[in-house]
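Student: got a sequence here, can you build the structure:
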Amino acid sequence: MKPSARIYCLFARLSLLLFVGIQACFLLPILATPVNAQPGAVAQAWVDYDQALQHIRAGQNQEALPLLRRALAVLQDNVHLKADYLVCLVWTGAYRQAVDYYRRHETELQQVRYVSRNIAKAFYEERKFAQARTLYARALTYDPSDAEAFKGLIYSCCRLRDFLSAYQTWEESRRRGLIPAETVNYMGVFLLARLGASYQAEQLATSQGVKDPELLATITGDQAVERLQWEEVDLAIQILETQLARNPDNYRARSDYIVALRQKERMAEVLEQYAILEGAGKPTPYWATRALADAYLYLKKPEQAVIFYKITLKKDPWEPLKSLVGLYNCYVELRQWDQAAKTLTQVEDLLAKTRPLVRDKKAPILRQKRYIEEKQSLITDQGWFLAYQDKLQEAQEHFEVAVKEAGLNPAFRSGLAHVYLWRQWPRRALEEFQVCETIHPLNKGVLVGKAWTLNTLNEKDQARALARQLYCRYPTDLHVQNLMDTFRVEDSLFFSPDVYFTKEFQGATEYYAVGSLEVPYSPTFKFYTQIVRQYISSEFDRGESLEFSWDRLNWGYDWILHPELAWRQAITFDYTRGRDLGSFTQVRWWPTDPLTIVAEFDSFSLNVPIRARAEGMRAKTGLLALRYVASDQLEGSLSFGVNWFSDDNLNPSATLRLNRQVINHPEVKLWLGTEINYLRYTDQDVSYFSPLYSYAVLLTPTVHWTHYCRYDTRWRSSFYPRGGIVKEHKESVYPVAGITYEQLLDISKTFGLTWNVSYDLRVYTGEYTHVLGTYFTFRKYF
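Tutor: Numbering: from 1, shown residues only. Next up is the predicted model:
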């Protein structure tokens, strides 16, 4: 081919390429639209896009959004349009929508550099700090002089507690000198403050001329918060009170002051300060409302505490754990068991979501430690929740498993020890408390439980000495206060009147009243006195009418000779006539947790069968009783007694009782029991009921129904039905039955009352008798 032809062909090819390029430029907007888009719609979309950009330049982002959406409906593949729409979402505060849109189009939008620094803000505001850190780092790589990306990266690292990366970012930008010095200095002060060096941050701000009022106010407030974190609460209160004296309208200082007062358990002042804060007309921060809820719970107002815990959960949905635990405690105090269980499940679910993040090897060690502590606290709460519902066997199994997995955890062992104590095994409980004390000598919960156990075991002096030590260390702790108050009540003057009335149709009518007064000399020795007035009359078929009365004065003492051995001794006599001297002796031996043995002798006893008492009989009485308490759900007793009547009639007897709990609901409990009685009389030639022998087999179920129980106040009804058979010498077998309804009302630690009413169908020598009875008493400690 000739050279001229070759030149012509080359020229033709270049012309063709140029023509194709021009056509491509003109056709690009068309190719970037849906195939079925009309040319007019495309043109209108570009017009909308242009108008949206004008609004954006004018700062009218909200007005730009509908135009961008309309343009996107046509120009669906335009990456820059998508990027501008995303940025506009961020600038209008639609962070959740922006994050969702970015995730759907992430691959395309990564091509547009200015997207990273803007969408990073959306992730940050949505508390997705790891993604925000990645995007801010990418934006800073694109433009090392981007001050906003620089600040956002440091903020994100601090949120993730990755302070090393935050410092490295700050140091690198400071070394390069591309970020304005004012911004670098500001972030240096911020970093020191976040690291807990607020005093150094204040000095750096002064030396570098950082004058941002918001940052400086934060640093000043952080000085008190740091003291709170280091449990230097008194110093924190001093700092905050100084700040409030200078500026009573300091919102941040008053909010932190409420938290500090809560930590010192000055709860009444928390309520006062919150009222001032609320009166300022500003929205209260979540940490102030949570402190207020804690204060209400401490002040035994759980209904109000529930309200403010729920408010806190709405204000702080990101870290709800403390508020959920507080809410759970409120529901327990209110005995709203379903709500408490639901809240505890929420805590469990929350920790389950946290676990995968913590198991990551890159997770901060402090966060891993915090998770372990929160998980162990949940396990402890789950065990106590069972115990609070009186599900002590399940609670025991729960804590025993926990102790096997973490034997050095004081909360697990203390919980197990408390369950042992409540299951009537104080010696086992003391062993666990002693192990806990060896591991953690200053653990408050362990020492409080040990004091309760020592008191139960009759180690009264040791228990009170330990309680006094605890009160000196923790005078505002509710558990310690409850311990001290209980011991004060036990060691105070006690008075109780008891009134009985019994009416047989036909038979005896009896009134019985006794007033008891106890005067403590020491925790292990008490004087007591009783004044007794007893009147009984009888009308029988033989037409006789008899009346007898007794006026007795009992004076004696209760003496705990040894933790396992107690002695009760009294002298009794007729105080109106100064005669009929008697003596009462009781010895109680408690060799093991389940077994208690009681032996007593009364030389002038009126506690004899009512038909004999109606004939004026009195007796010398002896008793030997063995009681075996296997657990809180099973107990039994065996007793042997004998009455030597004043007419020389001898009345030996034996009684066997067994009781088993079959329904154990927090409010309703059902016990099934049986009772077998056997008695004899040596003389049948007497005027009162005195068979050669008699035995009875009874079923004795018991129902306890708790209507109300909160703190020291309790209202409970009890039903004691009974039914069975009775067999007397020379008589047939007769069915018998009866029921007692009783109410117990404890108003406080120092006052309570009990009353009951009963009906029985009894058999005397083959004849039925209806018997009504009632009883009333109250207890008062001074």
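
Student: count of neighbours near the residue lying closest to Tyr257 once chain neighbours are set aside?
Tutor: Once flanking residues are discounted, Tyr257 sits nearest to Leu240: 4.3 Å by C-beta to C-beta, 6 or more residues apart in numbering. Bear in mind the C-beta positions are built from the backbone N, C-alpha and C, glycine included. By other C-beta atoms under 10 Å, 27 other residues sit near Leu240.

Student: kindly report the same for Gln273.
Tutor: Gln273: 23 surrounding residues under other C-beta under 10 Å.

Student: what helix or strand does it sit in?
Tutor: Element membership for Gln273 (DSSP states H and E) is helix 267-279.

Student: let me see the mean pLDDT of that helix.
Tutor: Mean per-residue pLDDT for helix 267-279: 93.

Student: how much space between the closest residue to Ser690 other than its chain neighbours and Tyr688?
Tutor: Spatially, and ignoring its direct neighbours in sequence, Ser690 is nearest to Tyr681 (4.0 Å; C-beta to C-beta, 6+ apart). Separation of Tyr681 from Tyr688 (C-beta to C-beta, to the nearest Å) stands at 9 Å.

Student: if we can go back for a sec, look up phi and psi at the residue nearest to Ser690.
Tutor: Per-residue torsions, Tyr681: phi -130, psi 140 (degrees, to the nearest 10).

Student: just give me the neighbour total for the closest residue to Asn61 other than its chain neighbours.
Tutor: The spatially closest residue to Asn61, leaving aside those adjacent along the chain, is Trp91, at 4.5 Å (C-beta to C-beta, 6+ apart). Look at Trp91: counted by other C-beta under 10 Å, it has 18 neighbours.

Student: and if you look at Thr682?
Tutor: 12.

Student: with Pro317 instead?
Tutor: Using other C-beta under 10 Å, the number of residues around Pro317 comes to 11.

Student: need the pLDDT of it.
Tutor: So, for Pro317, pLDDT stands at 77.

Student: Thr502 now?
Tutor: 96.

Student: mind listing what it touches?
Tutor: By C-beta atoms under 8 Å, 6 or more residues apart in numbering, Thr502 lies in contact with 508-510, 512, 610, 771-773.

Student: same check on Val771?
Tutor: The contact partners of Val771, by C-beta under 8 Å, 6+ apart, come to 502-505, 507, 738, 758-762.

Student: filter the residues you listed to the buried ones?
Tutor: Buried subset of the contacts of Val771 (neighbour count, 16 or more other C-beta atoms under 10 Å): 502, 504, 507, 738, 758, 760, 762.

Student: could I get these as JSON lines with secondary structure and distance to Thr345?
Tutor: Listed next are those as JSON lines, based on DSSP: H, G, I helix; E, B strand; the rest coil; distance: C-beta to C-beta, whole Å:
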{"residue": "Thr502", "secondary structure": "strand", "distance to Thr345": "53"}
{"residue": "Glu504", "secondary structure": "strand", "distance to Thr345": "57"}
{"residue": "Gly507", "secondary structure": "coil", "distance to Thr345": "59"}
{"residue": "Gly738", "secondary structure": "strand", "distance to Thr345": "45"}
{"residue": "Ser758", "secondary structure": "strand", "distance to Thr345": "45"}
{"residue": "Asp760", "secondary structure": "strand", "distance to Thr345": "48"}
{"residue": "Arg762", "secondary structure": "strand", "distance to Thr345": "53"}
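
Student: relative to Glu202, which of those residues is nearest.
Tutor: Ser758 (76.8 Å; C-beta to C-beta).

Student: Phe689 - how many residues pack around it?
Tutor: Using other C-beta under 10 Å: Phe689 sits among 20 other residues.

Student: part of a helix, is it?
Tutor: No. Looking at Phe689 with DSSP: H, G, I helix; E, B strand; the rest coil, it is coil, so not inside a helix.

Student: assign the residue positioned nearest the centre of the chain to helix, strand or coil.
Tutor: In the chain, the residue lying closest to the centroid (C-alpha atoms, centre = their mean) is Asn329, at 3.0 Å. Of the three states, Asn329 takes helix according to three-state DSSP.

Student: list the contacts for it?
Tutor: For Asn329, the contact set (C-beta under 8 Å, 6+ apart) comprises 297, 302.

Student: distance of Trp644 from Glu400?
Tutor: Separation of Trp644 from Glu400 (C-beta to C-beta): 51 Å.

Student: who has more neighbours, these two?
Tutor: Trp644 (17 against 13).

Student: tell me the SS of the more buried one?
Tutor: Trp644 ends up strand, using three-state DSSP.

Student: circling back to that earlier point, who touches the helix holding Gln273?
Tutor: Applying C-beta under 8 Å, 6+ apart, the set of residues contacting helix 267-279 from outside is 251, 254-255, 257-258, 261-262, 284, 288, 291-292, 294-296, 298-299.

Student: flag the shaky bits of the stretch 401-550 of the chain, pLDDT-wise.
Tutor: Counting by pLDDT under 70, the stretch 401-550 of the chain shows low-confidence ranges at 540-544.

Student: show me the strands in it, by range?
Tutor: With DSSP state E, counting those that start in this stretch, the ranges of strands along the stretch 401-550 of the chain come out as 494-505, 508-522, 525-539, 545-562.

Student: next: the stretch 601-750 of the chain.
Tutor: Here the stretch 601-750 of the chain has its strands, by DSSP E, counting those that start in this stretch, at 619-631, 634-645, 650-664, 668-680, 693-699, 702-710, 713-728, 733-746.

Student: could you dump those strands into a markdown table with distance to Phe494 and mean pLDDT added?
Tutor: Formatted as a markdown table, the strands of the stretch 601-750 of the chain follow (distance: least, C-beta to C-beta, whole Å; pLDDT from 0 to 100):
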| stretch | distance to Phe494 | mean pLDDT |
| --- | --- | --- |
| strand 619-631 | 24 | 96 |
| strand 634-645 | 26 | 96 |
| strand 650-664 | 28 | 96 |
| strand 668-680 | 28 | 97 |
| strand 693-699 | 34 | 96 |
| strand 702-710 | 23 | 96 |
| strand 713-728 | 19 | 97 |
| strand 733-746 | 15 | 97 |
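
Student: would you list those strands in TSV and tack on distance to Gln203?
Tutor: Below are those laid out as TSV (distance: least, C-beta to C-beta, whole Å):
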stretch	distance to Gln203
strand 619-631	65
strand 634-645	70
strand 650-664	64
strand 668-680	66
strand 693-699	82
strand 702-710	53
strand 713-728	56
strand 733-746	60
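
Student: hang on, the earlier thing: same list (the strands of the stretch 401-550 of the chain) but as JSON lines, adding distance to Glu348.
Tutor: Converted to JSON lines, the strands of the stretch 401-550 of the chain look like this (distance: least, C-beta to C-beta, whole Å):
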{"stretch": "strand 494-505", "distance to Glu348": "46"}
{"stretch": "strand 508-522", "distance to Glu348": "47"}
{"stretch": "strand 525-539", "distance to Glu348": "48"}
{"stretch": "strand 545-562", "distance to Glu348": "45"}
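
Student: could you point out which element follows the stretch of helix or strand Thr169 belongs to?
Tutor: For Thr169, the host element (DSSP H and E) is helix 163-176. Counting by DSSP H and E, the next helix or strand C-terminal to helix 163-176 is helix 181-194.

Student: what's the angle from that next one to helix 163-176?
Tutor: Relative orientation of helix 181-194 and helix 163-176, computed by axes from the mean of the first three to the mean of the last three C-alpha atoms, to 10 degrees: 160 degrees.

Student: buried stuff in the helix or strand following helix 181-194?
Tutor: Next along the chain after helix 181-194, taking DSSP H and E as the criterion, comes helix 198-208. Burial within helix 198-208, assessed by neighbour count using 16+ other C-beta under 10 Å, is assigned to 198, 201-202, 204-205.

Student: and helix 198-208, what other elements does it pack with?
Tutor: Judged by 3 or more C-beta pairs under 8 Å, 6 or more residues apart in numbering; DSSP states H and E, the packing partners of helix 198-208 are helix 181-194, helix 213-229.

Student: would you single out the least confident of those helices?
Tutor: Within these, confidence is poorest for helix 213-229, with a mean of 79 (mean pLDDT).

Student: give me the contact list for that one.
Tutor: Here helix 213-229 makes contact (C-beta under 8 Å, 6+ apart) with 186, 189-190, 193, 196, 198-199, 201-202, 205, 210, 233, 235-236, 239-240, 243, 252-253, 256, 259-260, 263.
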